[in-house]
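Student: how would this look folded up:
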Amino acid sequence: MLPTRTLKELAGYLGGKVLGDENLAVNGLAPLENAGPDKITFLANPRYASKVAETGAGAVLMAPGGERYGRNVIEVANPYLGFAKLLTLFYTQPHPPLGVLAGAVVGSGVSLGEGISVYPGACIGNNVTIGNRTVIHSGAVLYEGAVIGDDCVIHANAVIRDRCRIGNRCILQPGAVIGSDGFGYAPDGRSYYRIPQIGIVMLEDDVEIGANSCIDRAALEVTLIRRGTKLDNLVQIAHNCQIGEDCMIVSQVGISGSAKIGNHVTLAGQVGVAGHLSIGDNVMVGAQSGVPSSLEANAGYSGSPTMPHKEWLRAMAVVPRLPELKKTVNALEKRIAELESKLK
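Tutor: Predicted coordinates for the structure are as follows:
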């Protein structure tokens, strides 16, 4: 059964302000269109403000100053963040500690923290360290010497290779691979000689890795993902990369080896980043862009190759007109040729 909270309690939890009946109790969240009187809904986009008048919700989470239409409201500075926090409050419960369940395989010299859960089919190699309250789901494989911090969740079929280090409160979605070999080969005549990848991967605290994303181990030292960075599904991070704090890396991004990404960088879907370059702090790169060289901080870029986003918008505005412009140029060339022939 979902917990019930009054609007006064929720406003206190969110640091917001109640307008209306602060004693009204709700037991969860629902969309504007489908919410009933026992639910709270939210308005994050002002474009949908008129739907507040039509909703059946008991209360609405919204930014200060919006039209209430007579509804009970909790005003917060960031309704979308408030929505996320209320989802956590109502629907996310701590995982019960189950210990090592029958069917899990645990090697020798393993250090297990308090309150852990290791599900059947998980495989934990020798000399692995697992922190307090961490959950290892079925099919996950932890190679020898891996270290995992407190309050982590390692979902089904994720793999953490030997000696790699995972910080506290990290989440690995199903199929994520941490520490696969980097793509390193030395030319040897017409063939290639495999370069052993003897480094590791390190994830700092609060990092999340999406399903089937892969982070390659460094050739010699560390492939590093710093605190708070989130990777979507199907992301590839090559060996020796360094990714800064609080980055958002969206699905199908590929980052080549030894690239250095700053803090609070957003790479939209299918961005490709060449190796051995730097991207500064607070950069946003648009979807399907190709980054062949370093990018300065505090700017937006798009295109392949990348250019400042506003320049790309102007260039793209011309593209649909190119066939017409070509006809115009051809006509002008013909007229110039005719004029030149008359002058001879």
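Student: now the helices for this protein?
Tutor: 7-14, 79-91, 309-318, 322-343 (DSSP state H).
Student: among these, which is the most enclosed?
Tutor: helix 7-14 (a mean of 19; mean count of other C-beta atoms under 10 Å). In short, each C-beta sits where N, CA and C put it, glycine included.
Student: next, the angle from that one to helix 79-91.
Tutor: Here helix 7-14 runs at an angle of 110 degrees relative to helix 79-91 (axes from the mean of the first three to the mean of the last three C-alpha atoms, to 10 degrees).
Student: what does helix 7-14 rub up against?
Tutor: 5, 16-18, 20-26, 40, 59, 61, 72, 74, 76, 82, 85-86, 89 (C-beta atoms under 8 Å, 6 or more residues apart in numbering).
Student: which of the helices of the chain has the lowest average pLDDT?
Tutor: Ranked by mean pLDDT, the helices of the chain bottom out at helix 322-343, which scores a mean of 89.
Student: what about burial for the contacts of helix 7-14, which qualify?
Tutor: 5, 16, 18, 20, 22, 24-26, 40, 59, 61, 72, 74, 76, 82, 85-86, 89 (16 or more other C-beta atoms under 10 Å).
Student: those residues in strands, which ones?
Tutor: 5, 18, 25, 26, 40, 59, 61, 74 (DSSP state E).
Student: name the nearest residue to the last one, sequence neighbours excluded.
Tutor: In other words, residue 74. residue 16 (4.6 Å; C-beta to C-beta, 6 or more residues apart in numbering).
Student: try the fourth one
Tutor: The spatial neighbour of residue 26 that comes closest, neighbours along the chain excluded (C-beta to C-beta, 6+ apart), is residue 40 at 4.7 Å.
Student: so that neighbour touches residue 57, yeah?
Tutor: Yes - Residue 40 is in contact with residue 57 according to C-beta atoms under 8 Å; the separation is 6.1 Å.
Student: identify the residues contacting residue 27.
Tutor: 2, 3, 4, 5, 38, 39, 90.
Student: isn't residue 249 up against residue 243?
Tutor: Yes - using C-beta under 8 Å as the test, residue 249 is close enough to residue 243 to be in contact (7.3 Å).
Student: what touches both of those two?
Tutor: With C-beta under 8 Å, 6+ apart, residue 249 and residue 243 have common neighbours 229, 237, 255.
Student: can you list these in CSV and add distance to residue 173, pLDDT and neighbour count?
Tutor: CSV is the format used below for the shared contacts of residue 249 and residue 243 (distance: C-beta to C-beta, whole Å; pLDDT from 0 to 100; neighbours: other C-beta atoms under 10 Å):
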residue, distance to residue 173, pLDDT, neighbour count
229, 14, 98, 24
237, 15, 98, 28
255, 18, 98, 26
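Student: in TSV: these, plus distance to residue 98.
Tutor: Converted to TSV, the shared contacts of residue 249 and residue 243 look like this (distance: C-beta to C-beta, whole Å):
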residue	distance to residue 98
229	29
237	32
255	37
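Student: which one of the helices of the chain lies nearest to residue 34?
Tutor: helix 79-91 (14.7 Å; C-beta to C-beta).
Student: nice, that's everything, thank you.
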